[in-house]
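Colleague: return a 3D structure for these sequence lines:
(one chain, ligands or ions: 1)
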Amino acid sequence: MNTYPLSVSRDMIFSSKESSLRSSMETMTSAMAGLSQLTEENVAQALAVMEITGVSRAIVTDSAGKILYDTREVGNATGYQVFYTELVEALHGNDAFFFAYQDGAFRTCAAVPVIYRSETIGAVYVYEYDRTQGEVLEGLQKSLLTISIAVGAVVLTLSTLLSKLLTSRIEQLLSAIRGVREGSYNHRADVGGHDEIAQIADEFNDLAGRLQVTEESRRRFVSDASHELKTPLATIRLLTDSILQAEDMDGDMVREFVMDIGLEAERLTNITEDLLRLTRLDSGVMEAAESVEVEPVIRRVCHSLQMPAAGRRITLEVLVENPCWVVATKGEVHQMIYNLVDNAIKYNHDGGFVRVLLSAGETWAYITVEDNGIGIPEEDLDHVFERFYRVDKARSRAAGGTGLGLSIVRDTVRRRGGTIDAGPRPGGGTVFTVRLPRERRDEP
Ligand code: ADP
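Modeller: Just a heads-up that it's a prediction; the model follows:
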């Protein structure tokens with residue numbers, strides 16, 4: 001800020017001085033034009049009529065460097081020989097110019113040859129010493145320094161304030177991050193503003209919100225799972241205690257109790273198997289997908305559930321509009337359809353029906369499982385896919401349900417890029433629709 005304007009002003013002053021010195025010298029040389037030889041007399045005569053202004057001293061020498069004319073009154077050097085560098089240069093036939101700025105003063109000098117018929121017969125030398133402009137420049141320098149200091153102070157204050165503001169907001173963000181890291185998932189960063197830090201804070205709050213939801217559902221899941229496991233274990237304990245404490249229990253009764261223990265153990269097995277399936281789905285590790293033809297899987301599921309359905313006079317119907325393939329594993333497709341058809345039988349009336357319909361659009365395959373059973377109340381429809389959610393707990397338990405079947409179906413479907421919906425069936429019962437990305441291929 002300081003040096004640039006100063007050096008520009010200095011250069012401007014020098015160039016104005018150069019042109020003023022040149023014009024003085026030009027006037028002097030033109031006054032002496034026509035002189036074939038320079039002597040003290042003819043030079044004095046030639047220059048007498050003109051006023052030499054704008055210079056501190058002007059000298060005219062002959063070709064040997066002897067001073068013939070000197071404007072200086074005190075220390076007039078007429079008659080002396082001088083060898084100023086610029087003068088010597090001029091006597092060699094060249095123009096010379098020198099300038100310097102030192103101790104607040106401008107010193108400029110210039111010399112040109114006086115030529116008669118292409119011969120150097122002498123030289124004109126002018127010199128100027130200027131303090132006034134030097135003082136102006138010094139004044140400018142001082143003002144610039146004051147302005148620089150003032151601007152510097154303002155910039156420093158502002159940047160300190162700004163950095164304090166910035167660090168305090170980052171500090172707020174950091175304390176929220178630390179809070180969440182230490183397990184307080186309800187910590188949120190409140191930094192305000194619309195800049196990048198505010199954006200980071202928003203992203204962080206969003207992340208913390210998700211973590212909170214995940215953590216809450218994890219806690220709920222662990223507590224639900226332990227509760228589910230505790231019930232059959234408590235029943236087993238009760239049954240074994242009864243057998244052990246009863247002194248003369250008859251054989252049939254013992255067999256009945258042991259059968260109940262077996263049922264509870266089976267329930268435990270079902271729950272743990274379902275929990276393992278869910279953990280596998282949660283872990284994100286997916287088995288390599290293959291192309292699975294859906295119709296044979298539906299038929300196999302219906303065949304394996306034929307017995308329990310027949311036991312309650314429930315008819316199983318399969319309608320295939322068009323055969324189609326989906327990208328998943330056979331086990332996954334089997335599991336989805338099995339859980340849905342099994343539920344449709346479990347939550348049906350005796351003598352009811354279950355219909356499995358397979359249809360396909362351009363990009364999707366639709367598997368619809370429909371029943372005319374007990375139905376799902378409107379307010380429970382959104383929740384039936386949650387882990388351990390049951391509409392009628394007693395009925396689910398009696399039917400050997402774990403409350404995890406539909407969550408497994410939903411997680412599997414989602415992981416394979418599909419969706420699942422549940423809705424009431426007109427005329428009573430429920431309809432589940434699974435939509436999976438269809439693999440286009442020619443029929444084999
Ligand atoms: P469960 O092991 O209890 O069957 P699910 O996750 O498979 O667990 O189902 C959750 C709940 O949704 C069931 O307990 C039941 O109340 C309800 N449900 C599921 N399918 C049907 C259906 N086809 N008809 C009526 N209710 C159903």
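Colleague: quick one: contacts for residue 397?
Modeller: residue 267 (C-beta atoms under 8 Å, 6 or more residues apart in numbering). To be clear about C-beta, it is placed using only N, CA and C from the backbone, and glycine gets the same treatment.
Colleague: tell me which element residue 421 falls in.
Modeller: Secondary structure assigned from DSSP states H and E places residue 421 in strand 419-424.
Colleague: okay, now the sheet partners of that strand, with direction.
Modeller: Taking DSSP bridges as the criterion, strand 419-424 forms sheet pairs with strand 430-439 (antiparallel).
Colleague: send the alpha carbons of the worst-scoring helix or strand of the chain on mean pLDDT over as CSV?
Modeller: None of the helices or strands of the chain scores lower by mean pLDDT, DSSP states H and E than helix 393-398, at a mean of 86. Extracted in CSV, the C-alpha atoms of helix 393-398 (Å, rounded to 0.1, in the frame of the first residue of the first chain):
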residue,chain,number,x,y,z
LYS,A,393,-50.7,-61.1,20.8
ALA,A,394,-52.5,-64.1,22.1
ARG,A,395,-53.6,-65.3,18.7
SER,A,396,-50.1,-64.8,17.3
ARG,A,397,-48.5,-66.8,20.2
ALA,A,398,-51.1,-69.5,19.9
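Colleague: between the helix or strand just after it and strand 419-424, how big is the angle?
Modeller: Remark: after helix 393-398, the chain's next helix or strand is helix 405-415, criterion DSSP H and E. Counting by axes from the mean of the first three to the mean of the last three C-alpha atoms, to 10 degrees, helix 405-415 lies at 140 degrees to strand 419-424.
Colleague: residue numbers of the protein in contact with the ligand?
Modeller: The chain has residues 339, 343-344, 347, 371, 373-376, 384, 389-392, 396, 401-407, 430 near the ligand, with proximity defined as C-beta under 6 Å from any ligand atom.
Colleague: make a ChimeraX selection of the buried ones in the residues you listed.
Modeller: A single ChimeraX command selects the buried members of these (16 or more other C-beta atoms under 10 Å):
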select :339,343,344,347,371,373,374,375,376,384,389,390,391,396,401,402,403,404,405,406,407,430
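Colleague: hang on, the earlier thing: and the least confident helix or strand of the chain, how far out from the chain middle?
Modeller: Put simply, helix 393-398 sits 51 Å off its chain's centre (C-alpha atoms, centre = their mean, to the nearest Å).
Colleague: for the closest residue to the ligand within the stretch 51-200 of the chain, grab phi and psi.
Modeller: Nearest residue of the stretch 51-200 of the chain to the ligand: residue 185, at 27.3 Å (C-beta to the nearest ligand atom). Per-residue torsions, residue 185: phi -70, psi -10 (degrees, to the nearest 10).
Colleague: for the residue nearest to it when sequence neighbours are not counted, pull up the helix or strand it's in.
Modeller: Distances taken as C-beta to C-beta, 6 or more residues apart in numbering put residue 212 closest to residue 185, at 3.9 Å, once the chain neighbours are dropped. Taking DSSP H and E as the criterion, the element that holds residue 212 is helix 196-245.
Colleague: packing partners of that helix?
Modeller: Helices and strands touching helix 196-245, by 3 or more C-beta pairs under 8 Å, 6 or more residues apart in numbering; DSSP states H and E, are helix 132-181, helix 251-283.
Colleague: export the ones you listed to TSV and tack on mean pLDDT?
Modeller: Below are those laid out as TSV (pLDDT from 0 to 100):
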stretch	mean pLDDT
helix 132-181	91
helix 251-283	91
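Colleague: ok, which of those comes nearest residue 124?
Modeller: When these are compared by C-beta to C-beta, helix 132-181 sits nearest residue 124, at 23.2 Å.
Colleague: any low-confidence regions in the protein?
Modeller: In the predicted model, the chain carries pLDDT under 70 at residues 1, 442-444.
Colleague: quick one on the thing from earlier: kindly compare burial across the helices and strands packed on helix 196-245 and name the winner.
Modeller: For these, the largest average neighbour count (mean count of other C-beta atoms under 10 Å) is found in helix 251-283, namely a mean of 14.
Colleague: how far does it sit from the chain's center?
Modeller: Distance, stretch centre to chain centre, for helix 251-283: 50 Å (C-alpha atoms, centre = their mean).
Colleague: next structured bit after that helix?
Modeller: Next helix or strand after helix 251-283 toward the C-terminus (DSSP H and E): strand 290-293.
Colleague: and that next one, which residues are buried?
Modeller: Using 16+ other C-beta under 10 Å as the test for burial, strand 290-293 gives 292-293.
Colleague: which residues touch it?
Modeller: Residues contacting strand 290-293 (C-beta under 8 Å, 6+ apart): 323-330, 333, 439, 441.
Colleague: in strands, which of the residues you listed fall?
Modeller: Counting by DSSP state E, those place 325-328, 439 in strands.
Colleague: any chance of these in CSV, plus neighbour count?
Modeller: Below are the ones in strands among the contacts of strand 290-293 laid out as CSV (neighbours: other C-beta atoms under 10 Å):
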residue, neighbour count
325, 20
326, 26
327, 15
328, 28
439, 17
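Colleague: out of those, who's nearest the ligand?
Modeller: Checking these against the ligand by C-beta to the nearest ligand atom gives residue 328 as the nearest, at 19.2 Å.
Colleague: residues contacting the closest one?
Modeller: Each residue near residue 328 by C-beta under 8 Å, 6+ apart is listed here: 289-290, 292, 412, 416, 436.
Colleague: between those, which is nearest the ligand?
Modeller: residue 412 (12.6 Å).
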